[in-house]
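Visitor: Model the structure of this input:
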Amino acid sequence: MREYWLHKYIQGNSQRLGFRRLEGPFDTGPDFKGVFAGRKVLVEAELSYQSYISHGHPKDWADILIVASLDPAPIEFREKLPGTIINVDPQQVLEWSRPLREEYRTKMVEGRKQVIAQFPQAEVQDVLSHTDRMRPEKLRSLGYELMFSPWESLAKELATLYMYYVSLSPDIQIARHYSIDKEVGWESVTIDEDEEMDYWLNVAFAVASQFKIRPSVTTVTPIDGLYHRLMTDGKLNADALKELEAVIAFIDSCECEDTF
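Guide: Numbers count the residues shown, from 1 in each chain. Alright, predicted model coming up:
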């Protein structure tokens, strides 16, 4: 059971639990505040006694602890818990919240379906469909991240491979915006850091289009393979450099910003 449903139960049964003018739950501080036995109190709600302690709450964090347990507080915890403890039956909380949970689950399922349908790539849809507990807004963020990530990876791999290739071949034309200095290595010379990835993403799109590479969440491209060989061995052999040669020549020949 999530603590969220315990909060809902407390809201819906505040008078039965002995509270008047109960407010909350709040995002910061104790979960609720209200009036209990004629005095103003602060209230914390937890699924277990251990949770109150593991969340770092001191004894005086709240005046009352509402805990989803019918068991008495363990002796070793009692000095660390608020003086007043209200026990509620977790099974009763689950039974009371069942209609709310079913309604919530239905909305979640429909919302997730709508989000997943927004992404046309089958592999992105497959990944998203296996994140059962993720809410629609988080699912949408993950979808955009999955769409962008393969292209970002391709851009970084191309930049690294280009740097390596050019460092071995000083007579190669340097792609626009970049230069090689024997002391400091590869560096951007006309664009700032914020624009650097945008530049290489344009390069990535251009290279992918020219060589019919389709970066994806689940498959490895030839560029991926070259990059991992370089990262593993620290160098590329003659055959690998030959594979890269056409890509490097294309990068050097195109105006990547104008390609799309």
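Visitor: Determine the set of other helices and strands touching the longest helix seen in the chain.
Guide: Determined from DSSP state H, the single longest helix within the chain is helix 136-168. Helix 136-168 is packed against helix 90-117, helix 122-129, strand 178-181, strand 185-188, helix 193-210, helix 222-233, helix 238-253, with contacts defined by 3 or more CB pairs under 8 Å, 6 or more residues apart in numbering; DSSP states H and E. For glycine as for every other residue, the C-beta is placed from the backbone atoms N, C-alpha and C.
Visitor: Please put the alpha-carbon coordinates of stretch 148-163 into PDB.
Guide: The C-alpha coordinates for stretch 148-163 follow below in PDB (Å, rounded to 0.1, in the frame of the first residue of the first chain):
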ATOM      1  CA  PHE A 148      16.500  11.900 -28.300                       C
ATOM      2  CA  SER A 149      19.000   9.700 -26.600                       C
ATOM      3  CA  PRO A 150      20.100   7.600 -29.700                       C
ATOM      4  CA  TRP A 151      20.700  10.700 -31.700                       C
ATOM      5  CA  GLU A 152      22.700  12.300 -28.800                       C
ATOM      6  CA  SER A 153      24.800   9.100 -28.500                       C
ATOM      7  CA  LEU A 154      25.400   9.100 -32.200                       C
ATOM      8  CA  ALA A 155      26.500  12.700 -32.100                       C
ATOM      9  CA  LYS A 156      29.000  12.100 -29.200                       C
ATOM     10  CA  GLU A 157      30.300   9.000 -30.900                       C
ATOM     11  CA  LEU A 158      30.900  10.800 -34.200                       C
ATOM     12  CA  ALA A 159      32.600  13.700 -32.400                       C
ATOM     13  CA  THR A 160      35.000  11.300 -30.600                       C
ATOM     14  CA  LEU A 161      35.700   9.300 -33.800                       C
ATOM     15  CA  TYR A 162      36.300  12.400 -35.800                       C
ATOM     16  CA  MET A 163      38.700  13.800 -33.200                       C
END
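Visitor: got the contact list for that stretch?
Guide: 175, 178, 180, 185-186, 197, 200-201, 203-205, 207-208, 213, 215-217, 221, 223-224, 226-227, 230-231, 244, 247-248, 251 (CB atoms under 8 Å, 6 or more residues apart in numbering).
Visitor: shaky segments in the chain?
Guide: Low-confidence segments of the chain, defined by pLDDT under 70: 170-195, 255-260.
Visitor: Let's verify residue 132: helix, strand, or coil?
Guide: Secondary structure, DSSP: H, G, I helix; E, B strand; the rest coil: residue 132 is coil.
Visitor: Need the phi and psi values for it.
Guide: Phi and psi for residue 132, reported as degrees, to the nearest 10, are phi -60, psi -30.
Visitor: and it, how far is that from residue 116?
Guide: For residue 132, the distance to residue 116 equals 12 Å [CB to CB, to the nearest Å].
Visitor: Looking at those two, which is more packed in?
Guide: Applying other CB atoms under 10 Å to residue 132 and residue 116 shows that residue 116 carries more neighbours, namely 19 against 8.
Visitor: hang on, that one packs against residue 128?
Guide: Yes: using CB atoms under 8 Å, residue 116 is in contact with residue 128, at 4.9 Å.
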